[in-house]
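**Student:** I would like the atomic coordinates for the input below:
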Amino acid sequence: MDLNKAARRAYNNAVARKKITGKLNHKESVRTLKDEFDEFENADENLPSNHLSEYSEAVEELTDVLIGSMTELYLRGVDLEAVVHAKLKYNENRLNQRR
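**Tutor:** Residues are numbered from 1 along each chain as shown. Presented below is the predicted three-dimensional model:
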């Protein structure tokens, strides 16, 4: 799956469902992501999700955290594939510097 296309889908869905305004608003972004993290915190690792029965509640909610993050990055005009690659490379270099 193309991360940028997935982010566009997530963004369009969030705007259509009125979960976000579609305008850059840092406080709204923080609230939205915090809500998703709270749902993940309260989810059960051992219970199946009500929406995705092949996954646990925790996995579904953690996926919502990912989708929320992708939505916020799309809103900022970020190339997700590029930034994820750059951040992974940075983290790998940090690991190599510790050795």
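**Student:** The residue nearest to the spatial centre of the chain: helix or strand, and which one exactly?
**Tutor:** Nearest to the mean C-alpha position of the chain, by CA atoms, centre = their mean, lies L66 at 2.1 Å. Using DSSP states H and E, L66 falls within helix 57-75.
**Student:** if we can go back for a sec, please tell me how far the residue nearest to the centre of the chain sits from Q97.
**Tutor:** 28 Å (CB to CB, to the nearest Å). For glycine as for every other residue, the C-beta is placed from the backbone atoms N, C-alpha and C.
**Student:** Same check on S69?
**Tutor:** Between S69 and Q97 the computed distance is 26 Å (CB to CB).
**Student:** Can you tell me the SS state at the closest residue to V15 other than its chain neighbours?
**Tutor:** Once flanking residues are discounted, V15 sits nearest to G22: 4.4 Å by CB to CB, 6 or more residues apart in numbering. G22 falls in the coil class when you classify it by DSSP: H, G, I helix; E, B strand; the rest coil.
**Student:** Dihedrals phi and psi, G22?
**Tutor:** Main-chain torsions, G22, degrees, to the nearest 10: phi 90, psi 0.
**Student:** got a list of what it touches?
**Tutor:** 11, 15, 75 (CB atoms under 8 Å, 6 or more residues apart in numbering).
**Student:** quick one: low-confidence parts of the chain?
**Tutor:** The model of the chain has pLDDT under 70 over residues 98-99.
**Student:** Now do the helices in it.
**Tutor:** Here the chain has its helices, by DSSP state H, at 3-16, 26-42, 57-75, 80-98.
**Student:** before we move on, back to that, any idea how far the residue nearest to the centre of the chain lies from L80?
**Tutor:** As judged by CB to CB, L66 and L80 stand 11 Å apart.
**Student:** show me what contacts the closest residue to Y11 other than its chain neighbours?
**Tutor:** Spatial nearest neighbour of Y11, excluding adjacent residues (CB to CB, 6+ apart): Y74 at 4.3 Å. Taking CB under 8 Å, 6+ apart as the criterion, Y74 is in contact with 4, 7-8, 10-11, 80.
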